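1. Structure for the following, please:
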Amino acid sequence: MDVQIEIERLRSELHKHNHRYYTLDAPVISDYDFDQLLKKLEQLEAAHPEFFDPNSPSVRVGGEVTKNFETVSHRFPMLSLGNTYSLEELQDWIIRVQKLAPNATFVCELKYDGVAIGIQYVNGALSRAVTRGDGAQGDDITTNVRTIKSIPLQLTAPYPEDFEIRGEIVLPHARFDALNAQRSAQGLSLFANPRNCASGTLKLQDSAEVAKRGLDAYLYYVLPEGVLASNHSESIAHAGKLGFKIPRTQDKFIAKCDSIEAIMSFVNHWDKARKELPFDIDGVVIKVDSYKAQEDLGFTAKSPRWATAFKFKAERIPTVLESVSYQVGRTGAITPVANLKPVWLGGTTVKRASLHNEDQIAALDLHNGDTVFVEKGGEIIPKVVGVDVDNRMESALRIEFISHCPECHSPLSRLDGEAQHYCLNESSCEPQVSGRIDHFISRKAMDITGMGSETVALLVKKNLVSTPADLYKLTYEELIQLDGFKERSVLNVLDGVEASKSQPFERVLFAIGIRHVGATVAKKLVRHFKTIESLLSANREDLLAAEEIGEVIADQLLATFQKPEWRLEIERLRQYGLNFEAELKEQLSDSPISAKKIVVSGVFESISRNELKELIETLGGSNVSSISGKTDYVFAGEGMGPAKLKKATSLGVPILNEMEVRTLLNL
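-> Numbers count the residues shown, from 1 in each chain. Presented below is the predicted three-dimensional model:
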């Protein structure tokens, strides 16, 4: 027997049985016979490791441990969809699209309430699976995705040489209920809902545990557009022939619609029938079918113009307000929280809901013991939306907003024009101290590996750190004495802290946690002022001259930098070696786009939008979101919106296609 031929035969046969069982729901052999084939394959592979294949059916059982999930850029931006929340809004969207794309045919699909995923196939084999992340880059979870039996590891020919298919990973209700029953019997905390469980499962380090969870997937979007067919509906049908589990017309999970009435019929059907599904959905997605029409309609900065999501009305139910407690954020913001009699809502047990601020409490006229109405905004975040005043007891006391911090008991302050109350005791209010350091070490800030919220809480409790700068004076001797710390974990923390010193100035500025200064604002400030000295010495007029810096941000920066403790913290961080100057590459003057204002629009084949924007900044250019007479270039990829094209043309702004961009930037 030729061992390699036998291994390939078994793999091919098992791939076909997997597809028939998990995708077509039409098995032709018993579970026992399948297990015997799999066992034979595993034995041969164990005896002949030289024939290893990462896409063998044997990987479905998992076993590989992933310590860290690599962050990778999406080849095509993973944009979110615009939302509509009423039939009137949906009808208006359809009419707008039809004006721009007459004779457009639409496709309606279910909006799966799961985890978005993009899966790349090269020469018919699963190559990489990446989460949505921030839309520009996500986490590589290929090892875990390979354990999901409804996702093919090897396609049946003919297939494109290199393409991506996107969809949603879900946890069926039956598996969710079974997992929670098992955890209840073991005395473990229950999973909140199927979506959260699916998301957490995909980030497990042990792929064998992922395999046990029973995740499923529906795949519904092929890239690049046109690689399988000239329209979306035909591409999905073709994807089904390649072996993918797709939304099927016979299940009414997808339908072509050529009128507003047909679209409304699909939406109304699933609004009523969604609870009968074996998985969660939270709406319906409506897309223009033709790829040519999609290209003509183009994109906004955040979403395609050719698609929208109709979100089902949030479920609303009554429960009892038992009390109101208050949380302190890292900036000192005080958030009131309604503590409720537990109630089942949108797939989870809801015990708490946000009340946002004092004004909302007053608007609702909340009293202790009130019967309140709770719903989930977007079916995610619980909120109190009303009160049943008729059920209020005469003796009920009105909820009065607190005057002092619930943690450190300092007086609260509410600034003019703001709805939020703040605790101003930044230096010794524990949630602020811990929250500020949590933010500092976070992935989008200093990205200090080896350390998480539990470690920060322990370090604060042991009085080893009280500001971010204290992280840089931690020693091996201090850390090794802490509970749960072994030599490896201590070295991981120290290595992560040391490595963070190489982070660029904009990351450092974002990390120190000034109110209203997010990652984008920090980048704009660094580009304008170049050094911390220049920023610290800026007056209000100087700050307002920086791109996208308004009065609220300018006033907050001035107030922060007037505090001696903030200036001391910045000086300490500088002494520990952190970057407080813009990198030299941002100040290039010989670059062809130095000091140029550039609009990036559309999709690029050889580089992601995020990578292109970063390159523009590296070469001294400036990314702007809208076209004006001051715009120097438009970098136009596939699917550039017609409105932007028209405006750029009318203003005489140079429009460069992908080849011209590559030539200009010497790519």
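2. Quick test: name the residue nearest the centre of this structure.
-> The centre of the chain sits closest to G133, judged by Cα atoms, centre = their mean, with a distance of 4.0 Å.
3. What is the neighbour count of the closest residue to it other than its chain neighbours?
-> The shortest distance from G133 to any non-neighbouring residue, by Cβ to Cβ, 6 or more residues apart in numbering, is to D139 (6.3 Å). All C-beta spots, glycine's among them, are computed from the backbone N, C-alpha and C. Neighbours of D139 under the rule other Cβ atoms under 10 Å: 19.
4. Strands of the stretch 551-667 of the chain, residue ranges please.
-> In the stretch 551-667 of the chain, the strands defined using DSSP state E, counting those that start in this stretch lie at 597-601, 622-623, 633-636, 655-656.
5. got the contact list for the first one?
-> Outside of strand 597-601, the residues within contact range by Cβ atoms under 8 Å, 6 or more residues apart in numbering are 298-299, 609, 612-613, 616, 621-627, 630-637, 640-641, 644, 648, 653.
6. Within its sheet, name the partner strands of that strand and how each one runs.
-> Sheet partners assigned to strand 597-601 using DSSP bridges are listed as strand 622-623 (parallel), strand 633-636 (parallel).
7. how far is the first one from where the chain is centred?
-> Put plainly, it is strand 622-623. Its chain's C-alpha centre lies 24 Å from the corresponding centre of strand 622-623 when counted by Cα atoms, centre = their mean, to the nearest Å.
8. and S56, what does it touch?
-> Per Cβ under 8 Å, 6+ apart, neighbours of S56: R11, L41, E45, L153.
9. Skipping its backbone neighbours, what lies nearest the last one in space?
-> In other words, L153. In space, and not counting its chain neighbours, L153 is closest to N55: 3.8 Å by Cβ to Cβ, 6+ apart.
10. neighbours around that neighbour, how many?
-> Close neighbours of N55, defined as other Cβ under 10 Å, add up to 17.
11. And it, how far from L126?
-> 5 Å (Cβ to Cβ, to the nearest Å).
12. Could you do L190 as well?
-> L190 is 32 Å from L126, by Cβ to Cβ.
13. before we move on, what about T560?
-> Counting by Cβ to Cβ, the gap from T560 to L126 is 49 Å.
14. now D92
-> 41 Å.
15. hmm, back to that, got a markdown table for the strands paired with strand 597-601, with mean pLDDT, distance to A499 and mean neighbour count too?
-> Shown next, in a markdown table, are the strands paired with strand 597-601 (pLDDT from 0 to 100; distance: least, Cβ to Cβ, whole Å; neighbours: other Cβ atoms under 10 Å):
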| stretch | mean pLDDT | distance to A499 | mean neighbour count |
| --- | --- | --- | --- |
| strand 622-623 | 86 | 28 | 18 |
| strand 633-636 | 92 | 33 | 24 |
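16. tally of neighbours for the closest residue to G283 other than its chain neighbours?
-> Closest residue to G283 apart from its sequence neighbours, by Cβ to Cβ, 6+ apart: K111 at 3.9 Å. The number of residues packed near K111 is 21, by other Cβ under 10 Å.
17. Surely H367 touches L397?
-> Yes. Taking contacts as Cβ atoms under 8 Å, H367 lies within contact range of L397: 6.2 Å.
18. what about the two, which has more around it?
-> Ranked by neighbour count (other Cβ under 10 Å), H367 and L397 place H367 first, with 17 against 9.
19. how about the more buried one, what does it touch?
-> L321, V387, R392, A396, L397, R398, I399.
20. any idea of the mean pLDDT for stretch 637-645?
-> For stretch 637-645, mean pLDDT is 75.
21. how close does K341 get to V372?
-> 10 Å.
22. any shared contact partners between those two?
-> Counting by Cβ under 8 Å, 6+ apart, the contacts common to K341 and V372 are T319, V320.
23. Look at those two and report which has more neighbours.
-> V372 (24 against 13).
24. Domain parsing of the protein, as residue ranges.
-> 3-61, 82-311, 316-414, 430-502, 505-582, 588-665 (automatic domain parsing).
25. For T71, which of those is the nearest?
-> Smallest distance to T71 across the domains of the chain (Cβ to Cβ): 5.5 Å, for domain 82-311.
26. how far does the closest one stretch from start to finish?
-> With Cα to Cα, to the nearest Å as the measure, domain 82-311 spans 10 Å from end to end.
27. And for stretch 530-549?
-> 15 Å.
28. If you count neighbours, what's buried in that stretch?
-> Of the residues in stretch 530-549, K530, I532, L535, A538, L543, A546, I549 count as buried by neighbour count, 16 or more other Cβ atoms under 10 Å.
29. Could I get those residues in CSV, plus columns for secondary structure?
-> Formatted as CSV, the buried residues of stretch 530-549 follow (DSSP: H, G, I helix; E, B strand; the rest coil):
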residue, secondary structure
K530, coil
I532, helix
L535, helix
A538, coil
L543, helix
A546, coil
I549, coil
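30. For the closest residue to P654 other than its chain neighbours, list each beta-bridge partner.
-> Leaving aside its sequence neighbours, P654 sits nearest to Y633 (Cβ to Cβ, 6+ apart; 5.3 Å). Bridge pairing for Y633 (DSSP bridges) gives the partners I598.
31. so who does Y633 touch?
-> So Y633 contacts I593, K596, K597, I598, V599, V653, P654, I655, L656 (Cβ under 8 Å, 6+ apart).
32. if you set the cut-off to 7 Å instead, what comes out?
-> With contacts taken as Cβ atoms under 7 Å, 6 or more residues apart in numbering, Y633 has the following neighbours: K596, I598, P654, L656.
33. Just the buried residues out of the residues you listed, in ChimeraX syntax.
-> Buried residues among the contacts of Y633 (16+ other Cβ under 10 Å), as a ChimeraX selection:
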select :596,598,656
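34. Low-confidence bits of the stretch 551-667 of the chain, can you list those?
-> The stretch 551-667 of the chain contains residues with pLDDT under 70 at 584-589, 639.
35. rerun that using 90 as the cut-off
-> Applying pLDDT under 90 to the stretch 551-667 of the chain flags the ranges 552, 582-592, 594-596, 601-630, 636-652, 657-660, 662-667.
36. just the helices in the stretch 451-600 of the chain please.
-> Assigned by DSSP state H, counting those that start in this stretch, the stretch 451-600 of the chain shows helices spanning 453-461, 476-480, 487-499, 505-511, 519-529, 532-536, 540-544, 551-561, 564-575.
37. wait, which of those helices is closest to N18?
-> Minimum separation from N18 across the helices of the stretch 451-600 of the chain (Cβ to Cβ) falls at helix 487-499, 38.6 Å.
38. Identify each buried residue in the closest one, please.
-> For helix 487-499, a neighbour-count test (16+ other Cβ under 10 Å) marks S489, V490, N492, V493, L494, G496, V497 as buried.
39. Show me the helices in the stretch 51-200 of the chain, by range?
-> 87-100, 142-145, 173-185, 194-202.
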